[in-house]
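Trainee: Next input, structure requested:
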Amino acid sequence: MALSIGFYAQEGFIYFSDGKLPGVYSYHIESQLVSLITEDNLLKPYSVAFDSKNGYVYWTDTELKNIQRIKCNGQDQEVLLSSIDGVDQPRGIIVDTVNSKIYWVDIGHPDIYRANLDGSLKETVVNGLVMEPHDITLDLNNEKIYWTDRASKKIQRANLDGSILETILDSSDGLIWPSGLDLDLVNEKIYWTDTQDEKVFRSDFDGTGIEQIMAAEVVTPFRVKFDSFKNKIYVSEWSLNRLYSADPDGTNVQILLDANDNFEGIIGLDLAYHNEGLCNCQNSFFDFEQENCKNENFEVIINGTVYNELNPSGQEILTNSMGCDSIVNIELVFLDILEEVFEDTLCAGEEVVFDGVVYNETNIPSQLFYPNAAINGCDSLLSINIFWIEEIENVLLDTLCSGSQLIIDDQIFDESNPGGIISLSTPNGCDSVLIVDLSFFNPKIEELLYTPTGSYGEFEVTVNYNFDPLNIEWSPSNVFECSDCNSSYLQVYDSLTVTVTLDFGNDCSLNQSILIPFEAETTDFYIPNVISPNADGVNDVFFVQSDAKFSKVQEMRIFDRWGELIFEGFDLEINDLNQGWNGQFNGQPVVPGIYAYEIIISQLNGNKLEFQGSVTILQ
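Mentor: As a prediction, this is how the structure comes out:
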């Protein structure tokens, strides 16, 4: 249901529409009487506005794509604008009673429009500067239009003629899907709802001082209206189909209407105070609700129609002598037998009492029947489900290190007292028996040794023991291939002390350390200072020679006397003349003379050795 609410000079009325059960209604704030104004020629009335001067209710219909109005007495309903006039997806609408205009927004043609009260002289006020306008309101004191824009996540305003557009609030202020909008002109406050954020907010006219005033009470707030006469706000909420009232700060929340009032889609709001005589005839709603037990043959006759268990609900229209309709909603509820379940867990031998009768595990019934015992006067059926717990017996078998102890219920078990029986209570208070049976052992590390593998800096470390541990841990763990095995390979580049820890559980562990010796590789390298590249097979190539097995020439460069690079090599093997310099540049022998070299040698442990010198080229 979609609601539109209005307040005017004397008595307060709420005008609203239901978007799911199409209709336009009024709600008298003092008497709480709901009256139907019209349900004709409607598909999905969306937003509602009230003309306090002429007594017309205006609304937008998103399915029919039109704007209609009707007198608040239910007479003279007419279509003012339709798709022929360019109306596509109209949303919010407001009446300017000073200048006799209506303003509305349309998300199908995302602009802001206005026309005369009879729909004539339609014109575009804000053109091409909005994306998805949703609600609209007016500040006639300052001649301003305000609107919400869901797509751009903004609240904006402009002059009544559309000039001087301003953005008051946007996504940087937390706006996600701003929907409903209204103004407190006295205190210069903006009120709005955010349907996706599921909250109601307010701020000052300049967008500062943002406050969240309602959140927990509403699920999907839709429209909001400020009542300056009663100093209240009204919020429609379409998920739960409710209309709320609250103080301006969001406190003192009350539900005025909800789904129990037979509305299904409460969305729009407008406020109006006016003389009761402005609307002569008001249709009224009444609810007839009755709860009865099944098979009692209850029935009621309303307007000649019989309502009973076979026909429990419906609607009747009663017309009085003045031609006003009263709509009676009938809802009869026929209650089943009240069924309850009693569940409990008792210890073996315990008893339970129902109606003075003692029951135990040998005679407990599955159900008890109580005629007319329910709160609503119907029969009651109690289903009984009781579980009796037998005495529990558990056995604790465990193995501990010699010298350890185990404490259970303040009783100490050790090598001198390895077993016994303990009586314990379960969480539900029943007794249980624990049989303790412990054994003890004396673990030892029998041998911890290392063996070189023949690879530079690589060793195999092994630990032998007399009792299998639960866990083995070598440290430092990052040098081991397997840090939790009894035998593992490791790579070292310096002498290193390693430690093995054996964990046997129950706070029982052993550890032992061993030093792994490391002998660094030689740093002696032979670099020739004379070569004679004459292809005689003797001293023809400039290359590095050494006994080092795990080193490599990382970089080698040869320069002529003018500093020009004539040879460059990377990752060259030591003692390999095929990877040296053959005394040529660009495929031609160089001129005999002195040439400079730079050599960087990398060792397996990460050390880098740098050599600089010269080599003489002979003929």
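
Trainee: After the helix-or-strand element of the chain with minimal mean pLDDT, which helix or strand is next?
Mentor: When the helices and strands of the chain are scored by mean pLDDT, DSSP states H and E, strand 6-7 comes last with a mean of 28. Downstream of strand 6-7, the next assigned helix or strand under DSSP states H and E is strand 11-18.

Trainee: elements contacting the next helix or strand after that following strand?
Mentor: Using DSSP H and E, the helix or strand that directly follows strand 11-18 along the chain is strand 23-28. Under the contact definition 3 or more C-beta pairs under 8 Å, 6 or more residues apart in numbering; DSSP states H and E, strand 23-28 sits against strand 11-18, strand 34-38, strand 45-51. C-betas here are computed from N, CA, C, even on glycine.

Trainee: Centre of the chain to the longest one, how far?
Mentor: Shown here is strand 11-18, whose average C-alpha point lies 37 Å from the average C-alpha point of the whole chain (C-alpha atoms, centre = their mean, to the nearest Å).

Trainee: Check which helices and strands it sits against.
Mentor: By 3+ C-beta pairs under 8 Å, 6+ apart, strand 11-18 packs against strand 6-7, strand 23-28, strand 45-51, strand 271-274.

Trainee: Which residue is the nearest non-sequential neighbour of the residue nearest the centre of the chain?
Mentor: For the chain, Asp197 is the residue whose C-alpha lies nearest the centre (C-alpha atoms, centre = their mean; 12.3 Å). Nearest residue to Asp197 in three dimensions, chain neighbours excluded: Ile176, at 4.7 Å (C-beta to C-beta, 6 or more residues apart in numbering).

Trainee: do the same with Leu449
Mentor: Leaving aside its sequence neighbours, Leu449 sits nearest to Thr462 (C-beta to C-beta, 6+ apart; 5.8 Å).

Trainee: where does Gly23 sit relative to Asn241, distance-wise?
Mentor: Distance of Gly23 to Asn241, computed by C-beta to C-beta, to the nearest Å: 14 Å.

Trainee: about what we covered before: look at the residue nearest to Leu449 and give its secondary structure.
Mentor: Here Thr462 takes the strand state, with states given by DSSP: H, G, I helix; E, B strand; the rest coil.

Trainee: so it bridges to which residues?
Mentor: Leu449, Ser487 (DSSP bridges).

Trainee: so who does it touch?
Mentor: For Thr462, the contacting residues are 447-451, 486-487, by C-beta atoms under 8 Å, 6 or more residues apart in numbering.

Trainee: Can you convert these into JSON lines and add a column each for distance to Pro589 and neighbour count?
Mentor: Below are these laid out as JSON lines (distance: C-beta to C-beta, whole Å; neighbours: other C-beta atoms under 10 Å):
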{"residue": "Glu447", "distance to Pro589": "64", "neighbour count": "10"}
{"residue": "Leu448", "distance to Pro589": "62", "neighbour count": "16"}
{"residue": "Leu449", "distance to Pro589": "58", "neighbour count": "12"}
{"residue": "Tyr450", "distance to Pro589": "54", "neighbour count": "15"}
{"residue": "Thr451", "distance to Pro589": "52", "neighbour count": "11"}
{"residue": "Asn486", "distance to Pro589": "62", "neighbour count": "16"}
{"residue": "Ser487", "distance to Pro589": "58", "neighbour count": "13"}
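
Trainee: Closest one of those residues to Asp379?
Mentor: Asn486 (74.2 Å; C-beta to C-beta).

Trainee: quick one: pLDDT of that closest one?
Mentor: Note for Asn486: predicted pLDDT of 87.

Trainee: From Val498, how far out is it?
Mentor: In terms of C-beta to C-beta, Asn486 sits 13 Å off from Val498.

Trainee: Count the residues that sit near Ile472.
Mentor: 19 (other C-beta atoms under 10 Å).

Trainee: For it, what is the enclosing helix or strand?
Mentor: Assignment of secondary structure by DSSP H and E places Ile472 within strand 471-475.

Trainee: now that strand: mean pLDDT?
Mentor: So the average pLDDT for strand 471-475 ends up being 90.

Trainee: partners of it in the sheet?
Mentor: strand 496-505 (antiparallel).

Trainee: List the buried residues of the strand it pairs with.
Mentor: 496, 498, 500-504 (16 or more other C-beta atoms under 10 Å).

Trainee: Now stretch 197-212 - C-alpha only, CSV.
Mentor: What follows is stretch 197-212, C-alpha atoms only, in CSV (Å, rounded to 0.1, in the frame of the first residue of the first chain):
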residue,chain,number,x,y,z
ASP,A,197,20.9,2.2,4.0
GLU,A,198,17.6,1.5,5.8
LYS,A,199,17.8,4.7,7.9
VAL,A,200,16.2,8.2,8.3
PHE,A,201,18.5,11.3,8.5
ARG,A,202,18.3,15.0,9.0
SER,A,203,20.7,17.9,8.5
ASP,A,204,20.8,21.7,8.3
PHE,A,205,19.8,23.5,5.1
ASP,A,206,23.4,23.8,4.1
GLY,A,207,24.0,20.0,4.4
THR,A,208,26.0,20.2,7.7
GLY,A,209,25.1,18.7,11.0
ILE,A,210,24.0,15.3,9.6
GLU,A,211,22.2,13.1,12.2
GLN,A,212,20.8,9.5,11.9
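
Trainee: So for the residue nearest to Asn297 when sequence neighbours are not counted, what's the pLDDT?
Mentor: Spatial nearest neighbour of Asn297, chain neighbours left out: Asn308 (7.6 Å); criterion: C-beta to C-beta, 6+ apart. Note on Asn308: pLDDT of 89.

Trainee: same check, this time on the one 3 residues further on
Mentor: Asn311 is assigned a predicted lDDT (pLDDT) of 89.

Trainee: which one is it nearest to, not counting chain neighbours?
Mentor: Thr305 (7.8 Å).

Trainee: Give the bridge partners for that neighbour, please.
Mentor: Going by DSSP bridges, Thr305 forms beta bridges with Ile302.

Trainee: Ok, Arg114 next?
Mentor: Bridge pairing for Arg114 - DSSP bridges - gives Tyr103, Glu123.

Trainee: Tell me how many other residues crowd Asp85.
Mentor: Asp85 has 15 nearby residues by other C-beta under 10 Å.

Trainee: Same check on Gly606?
Mentor: The number of residues packed near Gly606 is 7, by other C-beta under 10 Å.

Trainee: residue boundaries of the strands in the stretch 451-600 of the chain?
Mentor: Listed in chain order, the strands of the stretch 451-600 of the chain (DSSP state E, counting those that start in this stretch) span 458-465, 471-475, 487-491, 496-505, 508-516, 530-531, 552-559, 565-572, 584-585, 588-589, 593-602.

Trainee: The fifth one pairs with which strands?
Mentor: Here strand 508-516 has these sheet partners by DSSP bridges: strand 496-505 (antiparallel).

Trainee: re the thing from before, so how far is Trp192 from the residue nearest to Leu449?
Mentor: Taking C-beta to C-beta, one finds Thr462 at 76 Å from Trp192.

Trainee: Was I right to think Ile421 contacts Val436?
Mentor: Yes. Contact between Ile421 and Val436 holds when scored by C-beta atoms under 8 Å: they sit 7.4 Å apart.
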